[in-house]
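*Asks:* Need coordinates for the below:
(one chain, ligands or ions: 1)
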Amino acid sequence: MKGYKVAVMGATGLVGQEVIKILVQRKFPVESISLLASDRSAGKKAFFNHDEVEVKETTPESFEGMDIVFSAVETGISKRFAPIAVQAGALVIDKSNAFRTDPAVPLVVPEVNGQDIRWHKGIIASPNCSTIQMVVALNPLHKANPIKRIVVDTYQSVSGTGSAAIEELTAQAKQVLNGQATAPHVYHHQIAFNVLPEIDVFMDNGYSKEEWKMVEETRKIMHADELAISATCVRVPVFISHSEAVNIEFSEAMTPDEVRRILSQSPGIKVLDDPMISLYPQAWAAAGTDEVFVGRIRQDASHPRGIVMWVVADNLRKGAALNAVQIAEEAIKRDWLKPTRNPETVGAGLKPARPGGQE
Ligand SMILES: NC(=O)c1ccc[n+]([C@@H]2O[C@H](COP(=O)([O-])OP(=O)(O)OC[C@H]3O[C@@H](n4cnc5c(N)ncnc54)[C@H](OP(=O)(O)O)[C@@H]3O)[C@@H](O)[C@H]2O)c1
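*Replies:* Okay, the predicted model is just below:
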């Protein structure tokens, strides 16, 4: 099998580290690997498949000769470097929010809309972590019985914010247990032993940007512009895995058994649902796994066409790194690595942003 020249941008971060692990675990055809981060990490050593690799500072020259770039950096950095990587001939699979709602960029969850990879012009966006696990669980049901409305409440782990948030929760938990005062840095309030209904910035309509990402991204991935969605996104003191209570209104009535049957036959999903023995998806058990777990499937007692369920997945794997690697695998499998249409317009309209540009 042909091997590919692969770069991981953000290789020292939580998602980048997971990408490296998953490339090895899934025996991704890597010919060479380039690990990129900020100048702070230049010269540090990291491992790829037991081989020590030096981390390099990301510069415009970092992408020359690359086939695939996994971008796991914040939005402003991705906006700056992704177009440069595309101009250099690479396919960029971006984990940030930089291009997700750009109509010229496909937003892909392979189990749901893998065919959208085909029309990429050099960049493919991987959705927000809470959106990915929800659409994996909803899409097979939507195909069987069109969904009219979704109300979702999330319980999102701190790893969704990055490595600094893991350190903050660890430090604060110790401080609280030792009777010491805590000082929040990453979040606006203490996260240890607390629950914060604030993820990303608040918008004029009262929703947070994270909540609005779930609305816009779900519609784009599922090709369902009219889908009614309301989300409340909440940060909880859990290290890894996001949990979601999802309330769905279908076009027709559907029994919980029918929902269980469809989901248990769908790719990437594992149904764990036996309340009699307290069997349901849990965040800690989902950490380090690849499936989207669904349980607590029940009729909505307040609506004849309503179903309620509980959806859990590892936000660093299916919610981020695994989804990105699956996109690359799908592009290779279908021979869609290079843009198929108008190759001369690769990168057009994707001007490099100023260094340090923010969301
Ligand atoms: N965490 C999740 O569950 C999750 C899920 C979906 C999407 N995402 C998105 O994935 C991206 C990465 O998230 P993360 O959680 O992995 O964050 P993280 O742990 O904070 O890691 C950030 C990475 O970006 C690198 N970086 C910072 N400044 C840079 C620069 N100027 N040039 C090049 N690299 C630079 C860092 O390198 P240094 O170590 O050198 O600073 C580090 O490798 C974000 O856009 C995030 O929104 C995250």
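*Asks:* in which helix or strand would I find residue 143?
*Replies:* helix 129-144 (DSSP states H and E).
*Asks:* Past that helix, which element shows up next along the chain?
*Replies:* Following helix 129-144 in sequence, per DSSP H and E, is strand 147-156.
*Asks:* how about the residues of the stretch 1-150 of the chain near the ligand?
*Replies:* The interface of the stretch 1-150 of the chain toward the ligand, taken as Cβ under 6 Å from any ligand atom, is made up of 10-16, 37-38, 40-41, 58, 72-75, 77, 95-96, 129. No exception for glycine: its C-beta is placed from N, CA and C like everyone else's.
*Asks:* pLDDT at residue 1, what is it?
*Replies:* Listed pLDDT for residue 1 reads 72.
*Asks:* tell me the contacts of it?
*Replies:* Applying Cβ atoms under 8 Å, 6 or more residues apart in numbering to residue 1 gives the contacts residue 29.
*Asks:* From residue 90, how far off is it?
*Replies:* Per Cβ to Cβ, to the nearest Å, residue 1 is found 19 Å from residue 90.
*Asks:* go on, residue 295?
*Replies:* For residue 295 relative to residue 90 (Cβ to Cβ), the value is 40 Å.
*Asks:* where does the stretch 251-359 of the chain have low pLDDT?
*Replies:* Scanning the stretch 251-359 of the chain for pLDDT under 70 picks out 341-359.
*Asks:* how about the strands in it?
*Replies:* 269-271, 292-299, 306-313 (DSSP state E, counting those that start in this stretch).
*Asks:* now these in a markdown table, with mean neighbour count and distance to the ligand?
*Replies:* Shown next, in a markdown table, are the strands of the stretch 251-359 of the chain (neighbours: other Cβ atoms under 10 Å; distance: least, Cβ to the nearest ligand atom, whole Å):
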| stretch | mean neighbour count | distance to the ligand |
| --- | --- | --- |
| strand 269-271 | 21 | 19 |
| strand 292-299 | 22 | 14 |
| strand 306-313 | 24 | 10 |
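*Asks:* Can you lay out these as JSON lines showing distance to residue 152?
*Replies:* Formatted as JSON lines, these follow (distance: least, Cβ to Cβ, whole Å):
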{"stretch": "strand 269-271", "distance to residue 152": "17"}
{"stretch": "strand 292-299", "distance to residue 152": "13"}
{"stretch": "strand 306-313", "distance to residue 152": "9"}
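*Asks:* Could you point out which of these sits nearest residue 24?
*Replies:* strand 306-313 (20.8 Å; Cβ to Cβ).
*Asks:* which residues in the stretch 101-250 of the chain form helices?
*Replies:* Here the stretch 101-250 of the chain has its helices, by DSSP state H, counting those that start in this stretch, at 110-113, 129-144, 163-177, 209-221.
*Asks:* number of nearby residues for the closest residue to the ligand within the stretch 151-300 of the chain?
*Replies:* When Cβ to the nearest ligand atom is the measure, the stretch 151-300 of the chain has its nearest residue to the ligand at residue 162, with 2.9 Å between them. Neighbours of residue 162 under the rule other Cβ atoms under 10 Å: 16.
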